[in-house]
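K.L.:
what's the 3D shape of this:
(2 chains)
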Amino acid sequence: MSQLNFSGDEILETIRMVRTEQLDIRTITVGISLFDCVSDSCDTLCRNVYEKVTSIARDLHRVSAELSREFGLPIVNNRIAVTPVSLIAGRCNREELLRVAQTLDSAAHAVQVDFIGGFTAHVEKGMSTIDANLIAAIPQALAATRRVCASVNIGSTRAGLNMDAIAEMGHVIRRTAEATAAQSSIGCAKLVVFCNAVEDNPFMAGAFHGASEADRIVNVGVSGPGVVLKALQAAGDVDFGTLTAIIRRTAFKITRAGELIGRAASARLGIPFGIVDLSLAPTPAEGDSVARILEEIGLEQVGTHGSTAALALLNDAVKKGGAMASSYVGGLSGAFIPLSEDAGMIDAARQGTISIDKLEAMTAVCSVGLDMIVIPGDTPAETLAAIIADEAAIGMINRKTTATRLIPAISRKVGDWVDFGGLLGRAPVIPVNTRSSRRFIARGGRIPSPLQALGN
Amino acid sequence: MADVQKTPPAGILSGRAIVTIIGADRVGIIAGIAAVIAEANVNILDISQSVIREFFTMIMMVDLGGATVSFDELSDRLARKGAELSVRVEIQREEIFKAMHRI
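P.N.:
Numbering: from 1, shown residues only, chains lettered A, B, ... in the order given. Below you'll find the predicted structure:
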């Protein structure tokens, strides 16, 4: 075979990864800076935002479909990340911020993208008037739009934790749940509370286009838990060294596919290529599950003893494989453990094998945090805030990103099921600790930046 | 017309693609698929085929350089012909394999 540079096995392996192991490009996310949209009039601001977003992302949907076809790789979502709205809407009041959110939503609709992220504020050290207005507008903004995603960064290793903002987010999550109570409180699935948020993350709901980014950029998020699972199943009971080698090799291939799609999208859209985010992002489809990988590593069910160690190994091996495969690995890059989006996690939650406490421990060693966890609708705002504080403390001390995406499903009790549909999946309501954290949250102020911040 | 030459940006894509045919073996598979490819003025650079148990697998490297139809159109025609012959036909740009299997 002179011209054919690949063996039949290699070609069939790629096809099998797509056909039976759910290898996909999770998202092409175009980051767009909105700094040049700034205006002292909200009308002008909204008009500028709409024009810029729709003109830059005009071809995204078409190009993404073309690439998916030509390379034979599904591209599940097209998304847009914009400059945090708190940085470009300094003169807007709450009602006007709602209009900005609606403008983002209609721009996203016009160019047929699935989500637009960037209804965002960074308040890890303190909150300005615009930050406070934006945070207050979140419940309504998420209830009044379909595609807009919001995020708030409440802590960092450098700045410590803004406990006032954390307390406020407890209320905002509750209000968001109430505002979307008729749709299983789905608004909360579009709201992420971060510690150490990253500026080039292409995954929702936490994507935004950071202030240090270029005018426009293409980032790609790849997925592929199913591919890793199949590779491990084929290997059988090998030792940990061999196990990590298999994960690394698989992660390498997946990342290379992501980089190819990213570069091709960049060339066709005429937008510079940013990063590949290699994350094992599960979907509710059977087999496309991070939990099943942990179980294949040797746990009877995810959540039992050994889960944290298995996840640490997986997360690290994924990063190592990915880092070798692309010059620009960025975003969150690691393993995600969203509860409602992962069939294995859902089973473990239903059977009581995994608890919010074990999930919290696991987030110390993987790429994000307490994600898509449905808790009772009567969970007090202070308890939500305390959960956020715990998660953010893990991020702050370990110099990593942690996120919290909690859904207090209004009028649902422990054991009830909540179904969000699509990629967001379904989950049983799991219990939280019912002892009060009220006095802790009421103290106010900041938790100072840790010793780890004093690196200079 | 000639969409294929227009869409891939210079320097990124080679214009070559891999056609994979998988299915139960029967008379006329190669002839049928090759006819579709020839009709689109696409040149076949190489063919490898094997029958593993009863499954027929054929892999072709083709050059889209002179194609008279768009990638999408060619892909549709191949899929239709595949359905007629009860085999699964895929066409993918070669870069995806290069990316995943070559350093």
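K.L.:
so where do the strands sit in the chain?
P.N.:
No chain specified, so I'll use chain A. A:25-32, A:75-82, A:115-122, A:148-156, A:160-162, A:191-195, A:216-222, A:273-280, A:334-335, A:370-376, A:402-409, A:417-419, A:426-428, A:446-447 (DSSP state E).
K.L.:
wait, I meant chain B there
P.N.:
Using DSSP E, strands in chain B cover B:16-24, B:43-52, B:55-63, B:87-93.
K.L.:
Serialize those to CSV and add fields for mean neighbour count.
P.N.:
(Glycine included, C-beta is placed from N, CA and C.) Below are those laid out as CSV (neighbours: other Cβ atoms under 10 Å in any protein chain shown):
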stretch, mean neighbour count
strand B:16-24, 21
strand B:43-52, 14
strand B:55-63, 20
strand B:87-93, 21
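K.L.:
who wins for proximity to residue A:106 among these?
P.N.:
Comparison of these against residue A:106 by Cβ to Cβ identifies strand B:87-93 as nearest, at 34.7 Å.
K.L.:
roughly how far out does the helix ranked longest in chain A sit from the chain middle?
P.N.:
Longest helix in chain A, counting residues (DSSP state H): helix A:240-269. How far helix A:240-269 lies from its chain's middle: 19 Å, per Cα atoms, centre = their mean, to the nearest Å.
K.L.:
Same check on stretch A:392-401?
P.N.:
The answer for stretch A:392-401 is 16 Å, by Cα atoms, centre = their mean.
K.L.:
Repeat that for stretch A:317-324.
P.N.:
Averaging C-alpha positions (Cα atoms, centre = their mean) puts stretch A:317-324 19 Å from its chain's average.
K.L.:
near chain B at all, that stretch?
P.N.:
No - if you take Cβ under 8 Å from any Cβ of the partner chain as the test, stretch A:317-324 misses chain B, and the best it gets is 9.0 Å.
K.L.:
Give me the buried stretch members for that stretch, please.
P.N.:
Buried positions in stretch A:317-324, judged by neighbour count with 16 or more other Cβ atoms under 10 Å in any protein chain shown: A:317-323.
K.L.:
With stretch B:67-77 instead?
P.N.:
B:67, B:69-71, B:74-75, B:77.
K.L.:
tell me the average confidence for that stretch?
P.N.:
For stretch B:67-77, mean pLDDT rounds to 93.
K.L.:
Considering the buried residues of stretch A:317-324, which is situated nearest to residue A:251?
P.N.:
Closest to residue A:251, out of all of the buried residues of stretch A:317-324 and judged by Cβ to Cβ, is residue A:321, at 2.9 Å.
K.L.:
What distance do you get for that closest one to residue A:295?
P.N.:
Taking Cβ to Cβ, to the nearest Å as the measure, residue A:321 and residue A:295 are separated by 21 Å.
K.L.:
now do residue A:193
P.N.:
29 Å.
K.L.:
of those two, who's got more company?
P.N.:
Between residue A:193 and residue A:295, residue A:193 has the larger neighbour count (other Cβ atoms under 10 Å in any protein chain shown), namely 32 against 22.
K.L.:
Could I get the pLDDT score of the residue nearest to the more buried one when sequence neighbours are not counted?
P.N.:
Excluding its sequence neighbours, the residue lying closest to residue A:193 (Cβ to Cβ, 6 or more residues apart in numbering or on different chains) is residue A:404, at 4.6 Å. Residue A:404 carries a pLDDT value of 97.
K.L.:
what about residue A:404, neighbour count?
P.N.:
28.
K.L.:
Quick check: beta-bridge partners of it?
P.N.:
For residue A:404, the beta-bridge partners under DSSP bridges are residue A:193, residue A:370.
K.L.:
Same check on the one 4 residues further on?
P.N.:
Each beta-bridge partner of residue A:408 is listed here, defined by DSSP bridges: residue A:375.
K.L.:
again, but for residue A:273
P.N.:
In beta-bridge terms (that is, DSSP bridges), residue A:273 pairs with residue A:218.
K.L.:
And the contacts of the lowest-mean-pLDDT helix or strand in chain A?
P.N.:
In chain A, no helix or strand scores lower on mean pLDDT, DSSP states H and E than helix A:8-19, which sits at a mean of 83. With contacts defined as Cβ atoms under 8 Å, 6 or more residues apart in numbering or on different chains, helix A:8-19 is touched by A:23-24, A:72-74, A:224, A:227, A:253, B:18, B:20, B:22, B:48, B:50, B:57, B:59, B:90, B:92, B:96-97, B:100-101.
K.L.:
if we can go back for a sec, keep only the buried residues of stretch B:67-77 that also lie close to chain A.
P.N.:
Contacts with chain A within these, counted by Cβ under 8 Å from any Cβ: B:71, B:75.
K.L.:
Show me what from chain B comes close to chain A.
P.N.:
B:7, B:9, B:12-13, B:17-18, B:20, B:22, B:45-46, B:48, B:50, B:57, B:59, B:61, B:71-72, B:75, B:90-102.
K.L.:
one step back: mind listing which of the buried residues of stretch B:67-77 are in helices?
P.N.:
B:71, B:74-75, B:77.
K.L.:
where does the residue nearest the centre of chain B sit relative to residue B:58, distance-wise?
P.N.:
Taking Cα atoms, centre = their mean, the centroid of chain B lies closest to residue B:19, which sits 2.7 Å from it. According to Cβ to Cβ, residue B:19 and residue B:58 sit 8 Å apart.
K.L.:
which residues do the two both contact?
P.N.:
Counting by Cβ under 8 Å, 6+ apart, the shared contacts of residue B:19 and residue B:58 are residue B:33.
K.L.:
Spit out the contact partners of residue B:26.
P.N.:
So residue B:26 contacts B:56, B:85-86 (Cβ under 8 Å, 6+ apart).
K.L.:
Just checking the distance from stretch A:164-174 to the centre of its chain.
P.N.:
Taking mean C-alpha positions (Cα atoms, centre = their mean), stretch A:164-174 and its chain are 19 Å apart.
K.L.:
Kindly apply the preceding question to stretch A:63-79 instead.
P.N.:
20 Å.
K.L.:
Residue A:384 contacts residue A:169, doesn't it?
P.N.:
Yes - the pair residue A:384 / residue A:169 is scored as a contact, 7.4 Å apart, by Cβ atoms under 8 Å.
K.L.:
Just give the number of residues close to residue A:172.
P.N.:
So residue A:172, with other Cβ under 10 Å, has 25 neighbours.
K.L.:
pLDDT value on it, please?
P.N.:
pLDDT for residue A:172: 98.
K.L.:
Skipping its backbone neighbours, what lies nearest it in space?
P.N.:
Leaving aside its sequence neighbours, residue A:172 sits nearest to residue A:138 (Cβ to Cβ, 6+ apart; 5.3 Å).
K.L.:
and that neighbour, what does it touch?
P.N.:
A:119, A:150, A:152, A:172, A:175-176, A:191.
K.L.:
where are the low-confidence patches of chain B?
P.N.:
Within chain B, the stretches with pLDDT under 70 are B:1-12, B:53.
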